[in-house]
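>>> task: produce atomic coordinates for the following.
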Amino acid sequence: MSAEADWVSRFADEVIAEAERRAPGKAIVCASGLSPSGPIHLGNLREVMTPHLVADEIRRRGHEAVHIISWDDYDRFRKVPAGIDSSWSEHIGKPLTSVPAPPGSEHPNWAEHFKAQMIAALAELGVEYRGISQTAQYTSGVYRDQILLAMRERARIDAILDRHRTKGKTAKAPKQQGSLDEADAAAAEAAAEGSGAASEDDGSAAGGYFPYKPYCSVCERDTTTVTAYDDATTELTYTCACGHTETVLLSEHNQGKLVWKVDWPMRWAFEGVIFEPSGVDHQSPGSSWTVGAPIVKEVFGAERPIGPMYAFVGISGMAKMSSSKGAVPTPSDALEIMEAPLLRWLYARRKPNQSFKVAFDQEIQRLYDEWDALERKIDDGTALPADVAAYTRAVGTASGALPETPRPLPYRTLASIVDITTGHDEQTLRILRDLDPGHPITSLEEARPRLDRAARWVATQVPAEQRTRVRDEPDTALLASLSERDRESLRLMLDGLAEQWSLDGLTTLVYGVPKVQAGLAPDAKPTPELKVAQREFFALLYTLLVGRDTGPRLPTLLLAVGADRVRKLLGG
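Alright, predicted model coming up:
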């Protein structure tokens, strides 16, 4: 597998070499950071999948690698998301782990509620990691030495930040390519908030610079201002907007955290991170990634990780489902309608700096067609090396293969069948058996979990007006008004049903009827005139079967309707 063919291999090469230079003999640390301030969406998943794929490649090569996910659950609660009672605004400024969970949640607090869904999705995606709660780290005093060091070095940190403050005001973040639709714009806005609250203050205050921000011991909020600090005794005095004033010993105090631009480089040093990607919001001039390099080196005696800036992940469709919630789709939402290997593939096949979209609309059918075509190319040895690499990373990890559908029938076919049968198991199995009479499916389990994903897609993403409803009775008025040519086309169709009752056979039949009528062989190449005749014939069949001139692919529709009912509706 050449490095040029596969971005994951290229990064793994760099990370292994860097780890040998920095920390020979130690486990190679790749890192992600997630803020459970709300639904953790598909854009955030790139923050996880990029280091996951690299760490997994390192493990495949026999090296020890650990992927840590820092849950930034000690961040402040910044705003009440749409769909949540406005009374939650009283918790703004508290740590996410001190905010009550949304109404009806079974989880103990806000952070745990939003972490739970992501944890379940990561398990389904085969992502192995070590989760670190920043609430647990800070409140147990794990970072005490690092906090005291940062406070002693506050003048140095302030000077570093000052070099970048003016740059940050005049420079703009890198632009995403292309214009965004409404759903994508919402996702971009959510992503811009960033893990670790990239836009928060850096510790500057009128009374001097302090990189530590206490949470008030009375109101629990971070609406505090440090007014004095003594390096020798570690006495720290703060005032809070609630009116409370307090003096604590920072050598014993565990209710506060370093400001983000100091916290992140501190963790790089503390965890020995070699590889960590970051979003656009963190890599603009004056941002946390930029200022983190000199801070981690000059204050904490370590180096910034290597890692790419990752581009935006857009959404195709889903607007109907998400707008009412005021949220953007999550990995769990995607895994309801697509299998885990397909979702992994979307992140594996594109370099981190390339944007892409996750499909919730009809595009998912084309995406599955592309995936199935890739599998066929791999089976017959014609796939390109980069495509083989992305596929291999999608279907399994160093620990083993992900679950797969035993008989992966075309997604669009499964969706059409479920649409017509409204999920009726016996009818669905009957149609699946008829798809390939020579090698019939004998149980729905052979088609799962893909069948269930397609059923969920139809139920949640296909508007009611686009659902297929087969006629109960023939359209006698239309049948009586048909021309002799149309009557002949239906006779040819009905005459071939019994012999051609399979997916391939019916495909040949419906395309072949107009050819026979034109005096051509059933396997003749289509001409422009023939294509017109075929479209007209298809529209006639759709109208007689479902009452409109379009619908699911005709061979699938015919199998779903059943031979007896087809004959009845076509006037046979």
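
>>> just checking, Ile84 touches Pro100?
No: the criterion here is C-beta atoms under 8 Å, and Ile84 misses it with Pro100 at 10.4 Å. Yep, even glycine has a C-beta here, placed from its N, CA and C like the rest.

>>> roughly how far does the closest residue to Ala398 other than its chain neighbours sit from Thr550?
In space, and not counting its chain neighbours, Ala398 is closest to Arg59: 3.9 Å by C-beta to C-beta, 6 or more residues apart in numbering. In this structure, Arg59 and Thr550 are 49 Å apart, going by C-beta to C-beta, to the nearest Å.

>>> if we can go back for a sec, what's the local residue count around the residue nearest to Ala398?
Close neighbours of Arg59, defined as other C-beta atoms under 10 Å, add up to 19.

>>> isn't it up against Ala65?
Yes: using C-beta under 8 Å, Arg59 is in contact with Ala65, at 5.2 Å.

>>> phi and psi next, for the residue of the chain most remote from its centre.
No residue in the chain sits farther from the centre than Glu484, which is 54.0 Å out by C-alpha atoms, centre = their mean. The phi/psi pair for Glu484 (degrees, to the nearest 10) reads phi -60, psi -40.

>>> do the same with the one 4 residues further on
Backbone torsions for Glu488, taken as degrees, to the nearest 10, come to phi -60, psi -40.

>>> do the same with Ile132
With angles defined as degrees, to the nearest 10, Ile132 sits at phi -120, psi 120.

>>> repeat that for Val313.
The phi/psi pair for Val313 (degrees, to the nearest 10) is phi -110, psi 120.

>>> per-residue pLDDT, the nearest residue to it once chain neighbours are set aside?
Nearest-residue entry for Val313: Gly43, 4.5 Å, with adjacent residues in sequence omitted and distances by C-beta to C-beta, 6+ apart. At Gly43, the model reports a pLDDT of 91.

>>> you'd agree Gly43 is up against Ile315?
No: using C-beta under 8 Å as the test, Gly43 is too far from Ile315 to be in contact (9.1 Å).

>>> what's the end-to-end length of stretch 354-366?
End-to-end distance of stretch 354-366 (C-alpha to C-alpha, to the nearest Å): 20 Å.

>>> kindly export stretch 147-154 (C-alpha atoms) in CSV.
Output of stretch 147-154 as CSV, limited to C-alpha atoms (Å, rounded to 0.1, in the frame of the first residue of the first chain):
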residue,chain,number,x,y,z
ILE,A,147,-2.0,24.7,37.2
LEU,A,148,0.6,26.0,39.7
LEU,A,149,3.2,26.0,36.9
ALA,A,150,0.9,28.0,34.6
MET,A,151,0.2,30.5,37.3
ARG,A,152,3.9,31.0,38.1
GLU,A,153,4.6,31.4,34.4
ARG,A,154,1.6,33.7,33.8
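
>>> check which residues of it are buried.
Neighbour-count burial for stretch 147-154 flags 147, 149-151, 153-154 (criterion: 16 or more other C-beta atoms under 10 Å).

>>> is it correct that Val29 is in contact with Phe270?
No: contact criterion C-beta under 8 Å: Val29 and Phe270 do not qualify, at 10.4 Å.

>>> neighbour-wise, which of these two wins?
For Val29 versus Phe270, neighbours defined as other C-beta under 10 Å are more numerous around Val29 (24 against 15).

>>> other SSEs contacting whichever helix or strand that one is part of?
Val29 belongs to strand 28-34 when assigned by DSSP states H and E. In terms of contacts (3 or more C-beta pairs under 8 Å, 6 or more residues apart in numbering; DSSP states H and E), strand 28-34 is packed against helix 7-22, helix 42-60, strand 65-71, helix 260-271, strand 273-275.

>>> 10 Å - rerun?
helix 7-22, helix 42-60, strand 65-71, helix 110-124, strand 130-133, helix 260-271, strand 273-275 (3 or more C-beta pairs under 10 Å, 6 or more residues apart in numbering; DSSP states H and E).

>>> the longest one to helix 110-124, inter-axis angle?
Using axes from the mean of the first three to the mean of the last three C-alpha atoms, to 10 degrees, the direction of helix 42-60 lies 50 degrees away from that of helix 110-124.

>>> start the count at 756 instead of 1 going forward.
With the count now opening at 756, the last piece we talked about shows up as helix 797-815.

>>> next, the angle helix 762-777 makes with helix 797-815.
60 degrees.

>>> which of the residues in helix 797-815 are buried?
797-815.

>>> neighbours around Glu1125, how many?
12.

>>> then it would be within a strand, right?
No: Glu1125 is assigned helix when assessed by DSSP: H, G, I helix; E, B strand; the rest coil, not a strand.

>>> may I have the residues that are in contact with it?
1097, 1100, 1104 (C-beta atoms under 10 Å, 6 or more residues apart in numbering).

>>> which one of the residues you listed sits closest to Leu1184?
Leu1097 (23.9 Å; C-beta to C-beta).

>>> what pLDDT does Glu773 get?
98.

>>> picking up where we left off before, which residues touch the residue farthest from the centre of the chain?
Contacts of Glu1239 (C-beta under 10 Å, 6+ apart): none.

>>> how about Arg1322?
1229, 1248-1249, 1252-1253, 1316.

>>> mind telling me the two of the residues you listed farthest from one another?
Pro1229 and Ala1253 (19.5 Å).

>>> picking up where we left off before, shared neighbours of Ile839 and Pro855, anything?
With C-beta under 10 Å, 6+ apart as the test, Ile839 and Pro855 both reach Trp865.

>>> just name the shakiest helix or strand of this structure by mean pLDDT.
Least confident helix or strand, the chain: helix 1074-1078 with a mean of 41, by mean pLDDT, DSSP states H and E.
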